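Chemist: fold the following, please.
(2 chains)
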Protein chains: 2
Amino acid sequence: MIEKLSTSRRRFLGWGAVLGASLTSCSESGEMTDEGPSALGGPIRKYGERSPHEQAVRGTRMLRNPEVGSSRTPLEDTYGIITPSSLHFERHHSGVPNIDPAEHRVLVHGMVDKPLVFTMDELKSLPSVSKVYFVECSGNSGGEWSENGGPTVSTAFGLASCSEWTGVPLRALLEMVGVQSDASWILAEGDDPCHMQRSLPLAKALDDCLLAYGQNGEAIRPEQGYPLRLIAPGYEGNTCVKWLRRIKVSDGPFHVKDETSKYSELMPDGKAWQFTLEMDAKSVITSPSGGQSIAGPGAREISGLAWSGRGLIERVEISADGGETWRDAQLQEPRHPMAFTRFRLPWEWDGAPATLQSRATDETGYVQPTRERLIEERGRNSSYHNNRIKVWHIAADGGVTNG
Amino acid sequence: MIEKLSTSRRRFLGWGAVLGASLTSCSESGEMTDEGPSALGGPIRKYGERSPHEQAVRGTRMLRNPEVGSSRTPLEDTYGIITPSSLHFERHHSGVPNIDPAEHRVLVHGMVDKPLVFTMDELKSLPSVSKVYFVECSGNSGGEWSENGGPTVSTAFGLASCSEWTGVPLRALLEMVGVQSDASWILAEGDDPCHMQRSLPLAKALDDCLLAYGQNGEAIRPEQGYPLRLIAPGYEGNTCVKWLRRIKVSDGPFHVKDETSKYSELMPDGKAWQFTLEMDAKSVITSPSGGQSIAGPGAREISGLAWSGRGLIERVEISADGGETWRDAQLQEPRHPMAFTRFRLPWEWDGAPATLQSRATDETGYVQPTRERLIEERGRNSSYHNNRIKVWHIAADGGVTNG
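Modeler: Residues are numbered from 1 along each chain as shown, chains lettered A, B, ... in the order given. Purely as a prediction, here's the structure:
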């Protein structure tokens, strides 16, 4: 404890020596007076909004029309590990349905002893859990297969977000209906116009899948599946079926259209990988990052996010010299499995061009690969599951660009 | 691990037996068809909003005019441990200033070697941390001194909320200015029209106080102190000075007007307690709770929130028989010190009138007292720091009222 304190004291004294030089001292400033605003401020409100000075938005991308597309979280404008619900990424196949929770039903059927239909009130009366989990579209970072990937964190990594989800373990419902002994998969189906469907292994459904009705303390947002979303922790986002209306138990996967036309990966040998469900370990530096500018040489913090579909992030290393040397970043505690982990590292920029990158390792020992290593392993036929190490270039004028 | 699984299996099977009886079976329902909505849903959006079906709001209370008052978090409508920022409670003394972060400055001066003024950009370049902490007004539950306290969780406990805060440790700034050796207290001052001020021990400032600019992933909300709030973990909410503009180091407390006219506690012997800064351990059942109604006898979950200004919540016990017997609730993990802890307990209501209450114990061994015990100790001259055990009465028709 003493040792930790003295370490932090040394570190902060170091920062003072560096940053203090550029700070305005009190006697010079003349800016602080005892005069405050002369009028009263704004009133109390029933439901708050952010400051008008804050303008971060999701970057939107229509694939066909405004109902079929995606919007990306501006991760470079977020703090900590929680994504503000208003900025959680979207990926819709037929738009956001407006569902009245009083009318909503969830059917659990198939290879079960007693199929059941649940109302939202019935689900909410069941034992619940709250967990912090990321959700990431398997198409996130699809532009990163090219040498010149996305110019900003939002464009390159913005199809990933992290929330505190509250809901009922799917296991509870499956045990109520009585899953038959030869069952091995489930189908999850959404209540959007296209009835989005995905197959998941029964073992996953019994392990940690949640039927979530809460997100970051309030009801789940419409674009995240209001009033109910399946959360399959660590699995590709499209398996976390939104507006959940049906769970069907079966003895094999369903090979629905979204599992054949999409979300499979063609390998160099002409064979396709199917059901590549777990998201690989990944990280990105969010500050400084593409599109930002460093005011000048001196001390600053490097910060970013790391996550893995296979559990805890165990380590994040940062290189500021193009990958020659690496330093361990501090990881924000408590870490949660299958959730964003914020990493931070004090850094002093000397004003010379620099190349920043981060490399995550998860609790299975898996290490985030370079782009070259990724292509070597999987070829370039598929755009899914790109978790390459992201490189940011810092120019002498402080401008940060995709490296 | 095996044992845990089988325990949970038994529990869920039990739930199925109870709840399943009242559920609609698939073949009877006729409600689930393959027909979905015929039109596309809503489009992707740059900044999301909650569903129009969700209407939870903060209950507002003007003390003099809309700028001087409070609004209360509807804790009974929240999930998990994060309070949605839009529903975080407010308590303002002169309204919410509209501050341009580019113009905002923070002065650190007094008994220091080198007073400094910080811009927001300078603060944000410093090493940061993110922590989940509750903030509670010391006047929360002021109505609970009476036998017939607040009718709902919101009215009785709503001046408490919990967020993931991101910012700079105050320690970092104090080490940069160089605190003189005989200093022992600080003053924190806000940039609201009344320049709200509070004294805090220097030891606390050096321990875990944060200058927070982030809340739940985004910039701190205007009514929480945008662009910068002092977070003094576990201390009474008014010490967490909003719109922070100044920190002054001194060799004693300042006895400012809000520490003499308010926020002190007159004891039965005529002496006043001052600087009762730590919030005592407290808990409240949020579901079922006052104003709600239980649909009918059967299985359901009891859920609520507990917190302590002195660290971790170690235990929450629940009684459903007026305090004769108590059962340990499950605590949501990971628990965070000085943060909300969600507790949950499966319960089966037999339809007879019942009396529900929760009792928290924190890591210091402190146990939440009854109202009688509290009055015995402190008398009734002060309305602050009421952490009595809250009692909910359930009538035979399922209606829940203040007990």
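Chemist: what about stretch A:218-232, near chain B?
Modeler: Yes - remark: stretch A:218-232 sits within contact range of chain B at A:Glu218, A:Ala219, A:Arg221, A:Pro222, A:Glu223, A:Tyr226, A:Pro227, by C-beta under 8 Å from any C-beta of the partner chain. Glycine gets a C-beta too; all of them are placed from N, C-alpha and C.
Chemist: partners of whatever helix or strand A:Leu345 lives in, with directions?
Modeler: Following DSSP states H and E, one finds A:Leu345 within strand A:341-349. With DSSP bridges as the criterion, the sheet partners recorded for strand A:341-349 are strand A:298-307 (antiparallel), strand A:330-331 (antiparallel).
Chemist: list of residues touching it?
Modeler: Applying C-beta atoms under 8 Å, 6 or more residues apart in numbering or on different chains, the external contacts of strand A:341-349 come out as A:11, A:15, A:18, A:80-81, A:283, A:294, A:297-307, A:312-313, A:316, A:318, A:320, A:327-332, A:335, A:358, A:394, B:127-128, B:130.
Chemist: I'd like the next helix or strand past it.
Modeler: From strand A:341-349 onward toward the C-terminus, using DSSP H and E, the following helix or strand is strand A:354-362.
Chemist: distance between that next one and the chain's centre?
Modeler: Computed by C-alpha atoms, centre = their mean, to the nearest Å, the chain-centroid distance of strand A:354-362 equals 17 Å.
Chemist: residues contacting A:Pro353?
Modeler: A:His393, A:Ile394, A:Ala395, A:Ala396.
Chemist: count of residues packed around the nearest residue to the first one once chain neighbours are set aside?
Modeler: Spelled out, that is A:His393. Of all residues beyond its chain neighbours, the one nearest A:His393 is A:Gly403 (3.9 Å), with distances taken as C-beta to C-beta, 6 or more residues apart in numbering or on different chains. Burial of A:Gly403 is recorded as 17 neighbouring residues (other C-beta atoms under 10 Å in any protein chain shown).
Chemist: from A:Trp347, how far off is A:Gly403?
Modeler: A:Gly403 sits 16 Å away from A:Trp347 when distances are taken as C-beta to C-beta, to the nearest Å.
Chemist: buried ones in stretch A:385-403?
Modeler: When burial is assessed from 16 or more other C-beta atoms under 10 Å in any protein chain shown, stretch A:385-403 yields the following buried residues: A:385-394, A:400-403.
Chemist: same deal with stretch A:348-359?
Modeler: Neighbour-count burial for stretch A:348-359, with 16+ other C-beta under 10 Å as criterion, is recorded at A:Trp349, A:Ala354, A:Leu356, A:Gln357, A:Ser358, A:Arg359.
Chemist: please work out which residue of the stretch 201-350 of chain A is closest to chain B.
Modeler: When scored by C-beta to the nearest C-beta, the stretch 201-350 of chain A has A:Gly214 as its residue closest to chain B, at 3.0 Å.
Chemist: for the stretch 151-300 of chain A, which segments count as helices?
Modeler: For the stretch 151-300 of chain A, the helices defined by DSSP state H, counting those that start in this stretch cover A:153-157, A:170-177, A:202-207, A:257-260.
Chemist: what sits against the nearest residue to A:Arg91 once chain neighbours are set aside?
Modeler: Sequence neighbours aside, A:Ser70 is the residue nearest to A:Arg91 in space, at 4.4 Å (criterion: C-beta to C-beta, 6+ apart). Listed by C-beta under 8 Å, 6+ apart, the contact partners of A:Ser70 are A:Thr60, A:Arg61, A:Leu63, A:Phe89, A:Glu90, A:Arg91, A:His92, A:Cys137, A:Leu159, B:Ile44.
Chemist: make CSV out of these and add pLDDT.
Modeler: Formatted as CSV, the contacts of A:Ser70 follow (pLDDT from 0 to 100):
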residue, pLDDT
A:Thr60, 90
A:Arg61, 87
A:Leu63, 79
A:Phe89, 98
A:Glu90, 96
A:Arg91, 94
A:His92, 92
A:Cys137, 97
A:Leu159, 98
B:Ile44, 91
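Chemist: which of these are buried, as a ChimeraX select command?
Modeler: The buried subset of the contacts of A:Ser70, as determined by 16+ other C-beta under 10 Å, is captured in ChimeraX by this line:
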select /A:89,90,91,92,137,159 /B:44
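Chemist: using JSON lines, lay out the contacts of A:Ser70 together with secondary structure and distance to B:Val249.
Modeler: Putting those into JSON lines (DSSP: H, G, I helix; E, B strand; the rest coil; distance: C-beta to C-beta, whole Å) gives the following:
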{"residue": "A:Thr60", "secondary structure": "strand", "distance to B:Val249": "48"}
{"residue": "A:Arg61", "secondary structure": "strand", "distance to B:Val249": "51"}
{"residue": "A:Leu63", "secondary structure": "strand", "distance to B:Val249": "57"}
{"residue": "A:Phe89", "secondary structure": "coil", "distance to B:Val249": "44"}
{"residue": "A:Glu90", "secondary structure": "strand", "distance to B:Val249": "48"}
{"residue": "A:Arg91", "secondary structure": "strand", "distance to B:Val249": "51"}
{"residue": "A:His92", "secondary structure": "strand", "distance to B:Val249": "54"}
{"residue": "A:Cys137", "secondary structure": "coil", "distance to B:Val249": "49"}
{"residue": "A:Leu159", "secondary structure": "coil", "distance to B:Val249": "47"}
{"residue": "B:Ile44", "secondary structure": "coil", "distance to B:Val249": "50"}
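Chemist: just to revisit the earlier point, make TSV out of the buried residues of stretch A:348-359 and add pLDDT.
Modeler: Supplementary listing: the buried residues of stretch A:348-359 in TSV, determined by pLDDT from 0 to 100:
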residue	pLDDT
A:Trp349	96
A:Ala354	97
A:Leu356	98
A:Gln357	98
A:Ser358	98
A:Arg359	98
